[in-house]
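Trainee: task: produce atomic coordinates for the following.
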Amino acid sequence: MGSGATRAAAARSLSTSSSQSARVAVMGASGGIGQPLSLLLKLNPAVTHLNLYDIVHTPGVAADLSHCETRAVTQGFVGDDQLKASLEGAEIVVIPAGVPRKPGMTRDDLFNTNASIVANLAKAAAEVCPKAFVAIISNPVNSTVPIASEIYKKAGVYDPLRIFGVSTLDVVRANAFLGEAKGVDPADVNCPVVGGHAGITIIPLISQCSPKIELPEDKLKAMTERIQDAGTEVVKAKAGSGSATLSMAYAAARFTDSLIKATQGQSGVVECSYVASDVTEAPYFATPILLGPNGVAKNLGLGTLSPFEEGLLKAAIPELKKSIAKGVEFVNKNY
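Mentor: Presented below is the predicted three-dimensional model:
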């Protein structure tokens, strides 16, 4: 899954090669995730062009970021009229756009609003930059990735190797929580998280963690449930003022950086991601993915699961299939 040393280096500093260059568009750049994500991407030396799109405030966000002493040329685009212009030349399109969760809401409660947002952004990207990698953050990811894929299919430009659901936050949380529990630097921990990106579809493979981490049965169950419910933990802690934005921005910046490294020819770049998959009976599923110049170079699959993890997988599949079908049905009805 990649060595702890490699992970530690990635966690502590993003790409440093000034010979690299990448053109990135952030769709929803004025929001709670979009602003810190845009800052992190502006700080990445490999990013040469950073296009920021939203329905409000992006010229101001872009002006603010443009004062940072890094080489990324930053430009703001606002409103439907400038949507297509924001995507011109993009090699990576990152989509955090949408409404955040509030206390008592599930990710599914966001569906109706965020489904339309993602579909419309995907439609524009399919037309303007069909070969760009698309990294989808907007919840519910279990449904929004199938939505984007269906839009690309209808446009005749679908490539399953280039559309990703950013489930990196589940990995980041697992690494942080396990490191804390065991007194290990979280940057040295690598716990693959598979399945989906909501509730019981989130399956941390603690048995495959590097370095090896052993937990008694009760603590294993509690740790798994904490990783699955970590988003709600933040929603409650913010007491109605938002959901996980800073940790999500960090996770998305890490995933985008890994895409950049892989497209620039770095070998051995692995990230867990929710993608079109035949690993299970669910047509989309998160597993460790070897990234390459064309996106998914190899799906590394599930590895050997413990009996406990087998049980988690069995519970997750029906939920995942339901969320995927909901996304596909949305596009078929509305587009």
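
Trainee: list the residues that contact residue 275.
Mentor: Taking Cβ atoms under 8 Å, 6 or more residues apart in numbering as the criterion, residue 275 is in contact with 145, 160, 163-165, 284-287, 289, 296, 299. Quick note: C-beta positions are derived from backbone N, CA and C, even for glycine.

Trainee: check for me that residue 160 belongs to a helix.
Mentor: No: for residue 160, which was evaluated using DSSP: H, G, I helix; E, B strand; the rest coil, the result is coil, with no helix membership.

Trainee: tally of neighbours for it?
Mentor: For residue 160, the number of neighbouring residues by other Cβ atoms under 10 Å comes to 15.

Trainee: can you check residue 256 too?
Mentor: If you count neighbours by other Cβ under 10 Å, residue 256 ends up with 28.

Trainee: could you pull out the helices for the stretch 151-300 of the chain?
Mentor: Per DSSP state H, counting those that start in this stretch, the stretch 151-300 of the chain carries helices over the ranges 168-182, 217-228, 230-237, 246-263.

Trainee: export the third one as CSV, just CAs?
Mentor: Once non-C-alpha atoms are left out, helix 230-237 reads as follows in CSV (Å, rounded to 0.1, in the frame of the first residue of the first chain):
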residue,chain,number,x,y,z
ALA,A,230,-16.0,10.8,12.2
GLY,A,231,-17.9,13.3,9.9
THR,A,232,-20.8,13.4,12.4
GLU,A,233,-18.2,14.0,15.2
VAL,A,234,-17.1,17.2,13.4
VAL,A,235,-20.7,18.3,12.5
LYS,A,236,-21.7,18.0,16.2
ALA,A,237,-18.5,19.7,17.5
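
Trainee: just the buried residues of it, please?
Mentor: Buried residues in helix 230-237, defined by neighbour count with 16 or more other Cβ atoms under 10 Å: 230-232, 234-235.

Trainee: again, but for the longest one
Mentor: Within helix 246-263, the residues that qualify as buried by neighbour count (16+ other Cβ under 10 Å) are 247-263.

Trainee: show me where the stretch 1-150 of the chain has its helices.
Mentor: Listed in chain order (using DSSP H, counting those that start in this stretch), the helices of the stretch 1-150 of the chain are 4-12, 34-42, 58-66, 83-87, 111-128, 141-155.

Trainee: dump those helices to CSV, plus distance to residue 329 and mean pLDDT.
Mentor: Putting the helices of the stretch 1-150 of the chain into CSV (distance: least, Cβ to Cβ, whole Å; pLDDT from 0 to 100) gives the following:
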stretch, distance to residue 329, mean pLDDT
helix 4-12, 38, 42
helix 34-42, 28, 98
helix 58-66, 32, 98
helix 83-87, 25, 98
helix 111-128, 10, 96
helix 141-155, 9, 98
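
Trainee: would you format the ones you listed as CSV with distance to residue 75 and mean neighbour count included?
Mentor: Shown next, in CSV, are those (distance: least, Cβ to Cβ, whole Å; neighbours: other Cβ atoms under 10 Å):
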stretch, distance to residue 75, mean neighbour count
helix 4-12, 28, 15
helix 34-42, 11, 24
helix 58-66, 6, 18
helix 83-87, 8, 19
helix 111-128, 15, 20
helix 141-155, 24, 25
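
Trainee: which one of the helices of the stretch 151-300 of the chain has the lowest average pLDDT?
Mentor: Across those, the stretch with the lowest average pLDDT is helix 230-237; it has a mean of 94.

Trainee: need the helices of the stretch 151-300 of the chain in TSV (columns: distance to residue 307).
Mentor: Compiled in TSV, the helices of the stretch 151-300 of the chain are given as follows (distance: least, Cβ to Cβ, whole Å):
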stretch	distance to residue 307
helix 168-182	19
helix 217-228	11
helix 230-237	24
helix 246-263	29
